[in-house]
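Peer 1: fold the following, please.
(2 chains)
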Number of protein chains: 2
Amino acid sequence: MRRFIVLGHTAPTDPDFDLDDLAGGAGRLDVLARCVNSAFFLSHAIRENVRVYLVLSDTVTIKIEGVELRYMNPDERNIASLLRQALEARADAIGHSEVESTPGIYVSNRGFEPVLKAAAREGAIVQLHEDGDPLASVEPPENPAFVLSDHLDFTAAESELLREYADYRVSVGPKALHADHTISVVHNYLDTDGYSF
Amino acid sequence: MRRFIVLGHTAPTDPDFDLDDLAGGAGRLDVLARCVNSAFFLSHAIRENVRVYLVLSDTVTIKIEGVELRYMNPDERNIASLLRQALEARADAIGHSEVESTPGIYVSNRGFEPVLKAAAREGAIVQLHEDGDPLASVEPPENPAFVLSDHLDFTAAESELLREYADYRVSVGPKALHADHTISVVHNYLDTDGYSF
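Peer 2: Residues are numbered from 1 along each chain as shown, chains lettered A, B, ... in the order given. Down below sits the predicted model:
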């Protein structure tokens, strides 16, 4: 299983946004939609061994399970519409419990800390950061959970949590990349078994 | 200079499409918009050493120069709106001449063959194909032009041209990827100087 935790610092936690304005009024939900695309889509297939957690404004988490995922197309608008349906279903999520909005998509009232702690119990935590060790120098860990930030840097509180929980701090190269591009690079690194393909 | 030639087999050649329906009525222009995103965007910067050719239905070519590019945001809708402006400017393009629609974006009435022949005169042609040699086994060429297909495979005629003009035929890994994800992987390969970063 490959897991990705993406922190959306300005992302909406309610469904009252316009699909025509993802990059503006919807708090850069376009960034998260592209991360979902990179995480799941292969040419004419879905990566079934992937799970994504989108942490929205440290308040709401949308979990997406590749093996269960249905009805998703790769365009930003379609992905955002599924995320909006998840936020509509949030009204039924009590405490930290999850509600499934469409097949494979779950919403809960959880911020970063409980998501990170739960993920750490299931495998290695890998923080992706431009100041980390080169990806190619790291042996691919078992059942990794990669933690990425959106268009903004990790906050001080997030960095503090990651200092405690991250097993690795890794950079994909000398250029600072968008989160979705980073996910494509990480997938390729794992697909090729550390570029030994 | 890194060059990317992306073949959009169902892409529109006229601007009468709806930005709300890129994945449907606009002939999968969403696929090409994502390729433009992957080709140019860094975190808070544009890759100035990149040039992209989008070949639309083997009829119209939109050329985008990173060093001149302005007014582009990374979301599909914004990129598609700039491509639509290029198609609006197409009425002024006579013969194979180019017209600049917005800074760094040029349109011409050219199909794949003239674009490929011109690109071959300026550096190595690298066909990206799932049956090619592993990317990591190829020394990064000077001034490469990477040729990718959209959500459909290369046609027989395109494959024939590439047999004649391509210097390399390369695969990025054992999984068949979307074109935009492939561009992210290629950039990372070149950014890290063949993963030696």
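
Peer 1: going forward, measure contacts and count neighbours with C-alpha atoms only.
Peer 2: OK.

Peer 1: do a quick rundown of the helices in chain A.
Peer 2: A:29-40, A:76-89, A:112-120, A:156-165, A:179-191 (DSSP state H).

Peer 1: what packs against the longest one?
Peer 2: For helix A:76-89, the contact count by 3 or more CA pairs under 8 Å, 6 or more residues apart in numbering or on different chains; DSSP states H and E identifies helix A:29-40, strand A:99-102, strand A:105-108 as packing neighbours.

Peer 1: strand partners (parallel or antiparallel) of the second one?
Peer 2: In its sheet, strand A:99-102 lies beside strand A:105-108 (antiparallel), with partners assigned from DSSP bridges.

Peer 1: what residues sit buried inside the partner strand?
Peer 2: A:105, A:106, A:107, A:108 (16 or more other CA atoms under 10 Å in any protein chain shown).

Peer 1: how far away is residue A:173 from residue A:79?
Peer 2: With distances taken as CA to CA, to the nearest Å, residue A:173 is found 28 Å from residue A:79.

Peer 1: of the two, which one has the most company?
Peer 2: Taking neighbours as other CA atoms under 10 Å in any protein chain shown, residue A:173 and residue A:79 compare with residue A:173 leading, 27 against 22.

Peer 1: residues in contact with that one?
Peer 2: A:130, A:134, A:135, B:188, B:191, B:192, B:197 (CA atoms under 8 Å, 6 or more residues apart in numbering or on different chains).

Peer 1: dump the helices of chain A to TSV, plus mean pLDDT.
Peer 2: Shown next, in TSV, are these (pLDDT from 0 to 100):
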stretch	mean pLDDT
helix A:29-40	98
helix A:76-89	98
helix A:112-120	98
helix A:156-165	98
helix A:179-191	97
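
Peer 1: tell me which of those sits most buried.
Peer 2: Compared across these, helix A:29-40 shows the largest average neighbour count, a mean of 25 (mean count of other CA atoms under 10 Å in any protein chain shown).

Peer 1: do that helix and chain B meet?
Peer 2: Yes. For helix A:29-40 and chain B, the contact criterion (CA under 8 Å from any CA of the partner chain) is met by A:30, A:31, A:38.

Peer 1: didn't the first one look like it was pressed against residue B:73?
Peer 2: To tie it back to what came earlier, the one meant is residue A:30. No. Using CA atoms under 8 Å, residue A:30 makes no contact with residue B:73, being 10.7 Å away.

Peer 1: just checking, residue A:90 touches residue A:99?
Peer 2: Yes. Here residue A:90 reaches residue A:99: they are 7.0 Å apart, a contact under CA under 8 Å.

Peer 1: now, among the buried residues of strand A:105-108, which is nearest to chain B?
Peer 2: For these, the residue nearest chain B by CA to the nearest CA is residue A:105; the value is 21.6 Å.

Peer 1: which ones are touching the nearest residue to the closest one once chain neighbours are set aside?
Peer 2: Sequence neighbours aside, residue A:64 is the residue nearest to residue A:105 in space, at 4.6 Å (criterion: CA to CA, 6 or more residues apart in numbering or on different chains). Going by CA under 8 Å, 6+ apart, residue A:64 touches A:51, A:52, A:53, A:104, A:105, A:106.

Peer 1: quick one: those residues as JSON lines, columns for distance to residue A:142 and pLDDT too.
Peer 2: JSON lines is the format used below for the contacts of residue A:64 (distance: CA to CA, whole Å; pLDDT from 0 to 100):
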{"residue": "A:51", "distance to residue A:142": "14", "pLDDT": "98"}
{"residue": "A:52", "distance to residue A:142": "16", "pLDDT": "98"}
{"residue": "A:53", "distance to residue A:142": "18", "pLDDT": "98"}
{"residue": "A:104", "distance to residue A:142": "23", "pLDDT": "98"}
{"residue": "A:105", "distance to residue A:142": "24", "pLDDT": "98"}
{"residue": "A:106", "distance to residue A:142": "24", "pLDDT": "98"}
